[in-house]
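A.B. asks: the following comprises the amino acid sequence and a computationally predicted model.
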Amino acid sequence: MNGAFHLIAATSSPLHSFNRFSCFHSSLTFPKSDFFRANSRRLISALKIASVSTMATQDEVNPGNVKQQLSKLFEASLKATVPNELEIDVEPLVAACTAKFGDYQCNNAMGLWSKIKGKKTEFKGPPSIGQALMGNLPECDIVESCSVAGPGFVNIVLSKNWIAQSIQKMLTEGIGTWAPRLQIRRAVVDFSSPNIAKEMHVGHLRSTIIGDTLARMLEFSNVEVLRRNHVGDWGTQFGMLIEHLFETSPNWEDEKEKAVGDLQAFYKESKQRFDADPAFKERAQQAVVRLQSGESKYRTAWAQICEISRREFDQVYKRLGVQLEEKGESFYNPYIPGVLKLLAEKELIEDSEGARVVFIEGKDIPLIVVKSDGGFNYASTDLTALWYRLKEEKAEWVIYVTDVGQQQHFEMVFSVARMASWLPSDVNLYPKVNHVGFGLVLGEDGKRFRTRSSEVIKLVDLLDEAKNRSIVALTERGKAAEWTKEKVEETAEKIGYGAVKYADLKNNRLTNYTFNFDQMLNDKGNTAVYLLYAYARICSIIRKSGKDMEDLKKTGALLLDHADERALGLHLLQFAETVEEACTNLLPNVLCEYLYNLSENFTKFYSNCQVVGSAEETSRLLLCEATATVMGKCFFLLGINPVDKI
Ligand SMILES: NC(=[NH2+])NCCC[C@H](N)C(=O)O
């Protein structure tokens, strides 16, 4: 900002756009319309407000976030437009748009009109408010021109030089400068969280994939993320497992894994005995008590069973490249009595039919925190875990990724935390909690995704199949002859696992999604395979140019003269606000959609603008580089490993 403010010249038709730089520098000349004359004094004060507020908030605003930057400008304009004495506080409503009059739109006029209608102002309706909002915009480098359309929408055309400069700045300073600015420092993401001794199923796969992406987006936003695997390692099922182990393998301690064999089969056997044999059931219940009271033999057997499960889970995490830190249900167990005491002191706990419960306003059923047999349950553990995360780990945002079926459970746990004042009553304030629910994974028959014999699908097998199918596809493309076996395998893993992740993430997470290998591994359409190919193509354009990109970034200039260059540039610049939206609203599909559109924009640019060998080669190579940088970051945030050669 150069300190001098430009005012805007209005044309006779409010629908007609005008050039923002068509007026003066140091002297203020007002447009001829009556409206602007009547408002001249307020315009000047608006400009003063604008200069102050921009300075005061400068370092909070993300330089890559267009929406945020425009909102700041409209905030100043709103302050100037709404007479102070009305005491109306309005948030700027700025959104990207595809209207032919602009790139962004400010939609405040109608809402504002409904608030001031009938009051004494000079406004005659939404269009005149729109005009004023436009007229009161502070001068800036961002906007090229504005116009008012229909019921007061202010359309904004961004300056292509500003778009180009912002991209070039990102190229030299790094894409980290476009990261969201969140108000928090530490978050917990509770995801994956399978149950020990049971199969990790496709629901856990969804949780793992979605949770990892959310954690990555938060980490990109410079938030410290505690990636928590809240494994189910403390249920009553351990009584039957341990008892079965002792009875079937007296030498279990020496035999270790051999004693258990296949954990799922072992679980099934012990469950069958538990259901069929009352004497065994009795012994199993005794075993739970002895385990929970800390008897060493029982603890050792428990740890051994957990270890076997853990190793199986790790095979899945390793394939997916997902980091998690296990703090299972058992971790919180010693803290439960203390936490319940805190709740009791606040008089939140009551006796009900032998159990201890918390009644929650607006809910028909209470949250049971101590069962009638005196034992703790899933809810007592989750309440305690939440307390621990907020109070001990000092997390400011706790996010739970599970299927939508658990929504009610989490709503109740969150309500109790609010009743205990661990959380503010305003759900939008930090510390904050969110349940990130997701729908079912369906098979092609439209039913729950299972094996033909209706067993739970082993995730390792599923991922292996994605990889093997990718090897077949690469072989068909002649890569097996061209590349080493390792390279084929590595590429197939990236494509295969990437395809599974993307197929899940691209849907709105709340909807059920159908698992279909043919669809997700198709190289056309909105798939990871298509996107990975697009990325590899861009890398190869840059490689084949033979230019030193680091050098070009410093010496070359990026211009966006062709319409398709401008469209691609604008889309690149919208990365910052998109990732912020995906992250704050916990919606990875928003980022997927962005990535797909980016690839489409690039294709259009590349088919209409010659890159290598053209007069604009330097600028266009920089645009290719920026596209590869943003795409690469999107892949990273989605947990997909790109390949630069396919
Ligand atoms: N804090 C939590 N409750 N996290 C989710 C746990 C998911 C649970 N183990 C399940 O498999 O359904």
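C.D. replies: On my side now, so go ahead.

A.B. asks: and residue 632, what does it touch?
C.D. replies: By C-beta atoms under 8 Å, 6 or more residues apart in numbering, the residues touching residue 632 are 535, 642. Quick note: C-beta positions are derived from backbone N, CA and C, even for glycine.

A.B. asks: which residues of the stretch 201-350 of the chain lie near the ligand?
C.D. replies: 230, 232 (C-beta under 6 Å from any ligand atom).

A.B. asks: could you pull out the strands in the stretch 201-350 of the chain for me?
C.D. replies: Residue ranges of the strands in the stretch 201-350 of the chain, as given by DSSP state E, counting those that start in this stretch, are 224-229, 325-326, 349-352.

A.B. asks: out of the ones you listed, which is the most enclosed?
C.D. replies: Of the strands of the stretch 201-350 of the chain, the one with the most neighbours on average (mean count of other C-beta atoms under 10 Å) is strand 224-229, at a mean of 20.

A.B. asks: that one pairs with which strands, parallel or anti?
C.D. replies: strand 186-190 (parallel), strand 325-326 (parallel) (DSSP bridges).

A.B. asks: so who does residue 479 touch?
C.D. replies: By C-beta under 8 Å, 6+ apart, the neighbours of residue 479 are 488, 491, 646.

A.B. asks: run the last query once more with 7 Å
C.D. replies: Listed by C-beta atoms under 7 Å, 6 or more residues apart in numbering, the contact partners of residue 479 are residue 488.

A.B. asks: now the one 5 residues further on
C.D. replies: Shown in contact with residue 484 (C-beta under 7 Å, 6+ apart): no residues.

A.B. asks: measure it to residue 491 for me?
C.D. replies: Distance from residue 484 to residue 491, counting by C-beta to C-beta, to the nearest Å: 11 Å.

A.B. asks: which sections of the stretch 51-200 of the chain are below the confidence cut-off?
C.D. replies: 51-60, 99 (pLDDT under 70).

A.B. asks: closest residue of it to the ligand?
C.D. replies: residue 193 (3.7 Å; C-beta to the nearest ligand atom).

A.B. asks: next to the ligand in this structure, residues from the stretch 51-200 of the chain, please.
C.D. replies: So the stretch 51-200 of the chain meets the ligand at 190, 193, 194, 195 (C-beta under 6 Å from any ligand atom).

A.B. asks: try it again at 8 Å.
C.D. replies: 190, 191, 193, 194, 195, 198 (C-beta under 8 Å from any ligand atom).

A.B. asks: quick check: the last one touching residue 270?
C.D. replies: No - in terms of C-beta atoms under 7 Å, residue 198 does not count as a neighbour of residue 270; the distance is 11.8 Å.

A.B. asks: show me the helices in the stretch 301-450 of the chain, by range?
C.D. replies: Per DSSP state H, counting those that start in this stretch, the stretch 301-450 of the chain carries helices over the ranges 329-332, 336-345, 378-387, 407-419.

A.B. asks: most packed of those helices?
C.D. replies: helix 378-387 (a mean of 24).

A.B. asks: by contact count, what packs against that helix?
C.D. replies: helix 329-332, helix 336-345, strand 367-370, helix 407-419 (3 or more C-beta pairs under 7 Å, 6 or more residues apart in numbering; DSSP states H and E).

A.B. asks: switch to 10 Å and redo it
C.D. replies: In terms of contacts (3 or more C-beta pairs under 10 Å, 6 or more residues apart in numbering; DSSP states H and E), helix 378-387 is packed against strand 186-190, helix 329-332, helix 336-345, strand 355-358, strand 367-370, strand 397-403, helix 407-419.

A.B. asks: which of these sits closest to residue 103?
C.D. replies: Closest to residue 103 of those is strand 397-403 (C-beta to C-beta; 31.6 Å).

A.B. asks: which strands border that closest one, and is each parallel or antiparallel?
C.D. replies: Counting by DSSP bridges, strand 397-403 is paired with strand 186-190 (parallel), strand 432-438 (parallel).

A.B. asks: so that strand, near the ligand or not?
C.D. replies: Yes - applying C-beta under 8 Å from any ligand atom, one finds strand 397-403 touching the ligand at 400, 401, 402, 403.

A.B. asks: that older thread, between residue 198 and residue 270, who's got more neighbours?
C.D. replies: Remark: of residue 198 and residue 270, residue 270 carries more neighbours, 23 against 16, as counted by other C-beta atoms under 10 Å.

A.B. asks: for the more buried one, what are its contacts?
C.D. replies: 197, 237, 239-245, 247-248, 280, 284 (C-beta atoms under 10 Å, 6 or more residues apart in numbering).

A.B. asks: and residue 578, by the same measure?
C.D. replies: 65, 67, 96, 180, 571, 590-591, 593-595, 597-598, 630, 634.

A.B. asks: if we use 6 Å, what do you get?
C.D. replies: With contact taken as C-beta atoms under 6 Å, 6 or more residues apart in numbering, residue 578 is in contact with residue 594.

A.B. asks: sorry, back to before: among the residues of strand 397-403 next to the ligand, which ones are buried?
C.D. replies: Among these, those scoring as buried are 400, 401, 402 (criterion: 16 or more other C-beta atoms under 10 Å).

A.B. asks: out of the strands paired with strand 224-229, which is the most enclosed?
C.D. replies: Most buried among the strands paired with strand 224-229, counting by mean count of other C-beta under 10 Å: strand 186-190, with a mean of 25.

A.B. asks: any weak-confidence spans in this protein?
C.D. replies: Short version for the chain, where the test is pLDDT under 70: 1-60, 99.

A.B. asks: circling back: can you put the residues of the stretch 51-200 of the chain next to the ligand in TSV and add distance to residue 407?
C.D. replies: Below are those laid out as TSV (distance: C-beta to C-beta, whole Å):
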residue	distance to residue 407
190	14
191	15
193	15
194	19
195	19
198	22
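
A.B. asks: farthest pair in those?
C.D. replies: 190 and 198 (18.0 Å).

A.B. asks: in a markdown table, list the strands paired with strand 397-403 along with distance to residue 505.
C.D. replies: Shown next, in a markdown table, are the strands paired with strand 397-403 (distance: least, C-beta to C-beta, whole Å):
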| stretch | distance to residue 505 |
| --- | --- |
| strand 186-190 | 15 |
| strand 432-438 | 10 |
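
A.B. asks: tell me which of these sits nearest to residue 124.
C.D. replies: Of all the strands paired with strand 397-403, strand 432-438 comes closest under C-beta to C-beta, at 42.5 Å.

A.B. asks: what's the angle from the helix or strand hosting residue 602 to strand 432-438?
C.D. replies: Remark: residue 602 resides in helix 588-608, with elements defined by DSSP states H and E. Here helix 588-608 points in a direction 70 degrees away from that of strand 432-438 (axes from the mean of the first three to the mean of the last three C-alpha atoms, to 10 degrees).
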